[in-house]
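# Using only what follows, build the 3D model:
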Amino acid sequence: MAFQEKKLINDPNDVVTEFIEGLVETYPGLQYLDGFPEVKVVLRADVSRTTYDKVAVISGGGSGHEPAHAGFVGEGMLTAAICGDVFASPPVDSILAGIRAVTGLMGCLLVVKNYTGDRLNFGLAAEQAKSEGYKVEMVIVGDDCALPPPRGIAGRRGLAGTILVHKCFPSPSSKEYA
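Here you go, the predicted structure:
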C-alpha cells in the first residue's frame, strides 16, 4: 500500500517568506523589516532604535523549527528575530540589518545557538556592528537534551535551551534592567 505525502506548502522556495507574512498578518504587534523578503527579519512594531531605551534581545537561526524564532518576538521575549532559510543560518547582512533596526543606546544582546553557521554569521555581524559603534554582546546557548554528551568540536546545538534563555529577561516594563 503506497501513501502519497501531503504537505501544507505552496512552494518550498517560499515557505519561510509565507510563514513570516502569515505571522505578521496574524499579530499586529509584529512587522517585518524593510528589504523583506530578501532580509527576513521580524521585529516588534513598537520598537525603533531611535526611541528604544532597553537592551534589545535578538535571536534567530535557520527556519524549519517554527515557531522559533520569529514566534517568540514580543514584549517580554525577543525584540527581533532573524530568519534563515530552512535549516540554514541567516546571512550576516540580515543579522546586521536586524541589529541596526532595534539597537538603541542601551545596546543589544544576541542569543545564539551553538551551531557552527549561527556562531559564525552572528559573530561576524556583531563585530561589524561594534565597528559601527553599536553596543553588542553575544551569548552562546549549548544546551540540548536531545543530543548525547558532546563528541568532537561542535557539541550540543542549544535548540531546547535557547527558548528558556529568551525568557530569562524581564519584560520591558521592568525597572530592573532599564
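
# where does the closest residue to residue 69 other than its chain neighbours fall, helix, sheet strand or coil?
Counting by C-beta to C-beta, 6 or more residues apart in numbering, the nearest residue to residue 69 once its immediate chain neighbours are dropped is residue 81, at 3.9 Å. Any C-beta I mention is one placed from the backbone N, CA and C, and that applies to glycine too. Recorded secondary structure, residue 81: strand (DSSP: H, G, I helix; E, B strand; the rest coil).

# same check, this time on residue 68
Residue 68 carries the three-state label coil when classified by three-state DSSP.

# Hmm, it is touching residue 160, no?
No - using C-beta atoms under 8 Å, residue 68 makes no contact with residue 160, being 10.1 Å away.

# what sits up against the helix ranked longest in the chain?
Counting by DSSP state H, the longest helix found in the chain is helix 116-131. With C-beta atoms under 8 Å, 6 or more residues apart in numbering as the test, helix 116-131 has contacts from 60-62, 84, 88-92, 95-96, 99-100, 103, 108, 110, 112, 136, 138, 140, 154.

# Average pLDDT for it, rounded please.
Throughout helix 116-131, pLDDT has a mean value of 96.

# Helix or strand next in line after it, which one?
Past helix 116-131, heading to the C-terminal end, the next element that is a helix or strand (DSSP states H and E) is strand 136-141.

# Look up the closest residue to the most centrally placed residue in the chain, ignoring the ones flanking it.
Centroid-nearest residue in the chain, with C-alpha atoms, centre = their mean: residue 60, separated by 2.2 Å. Of all residues beyond its chain neighbours, the one nearest residue 60 is residue 82 (3.2 Å), with distances taken as C-beta to C-beta, 6+ apart.
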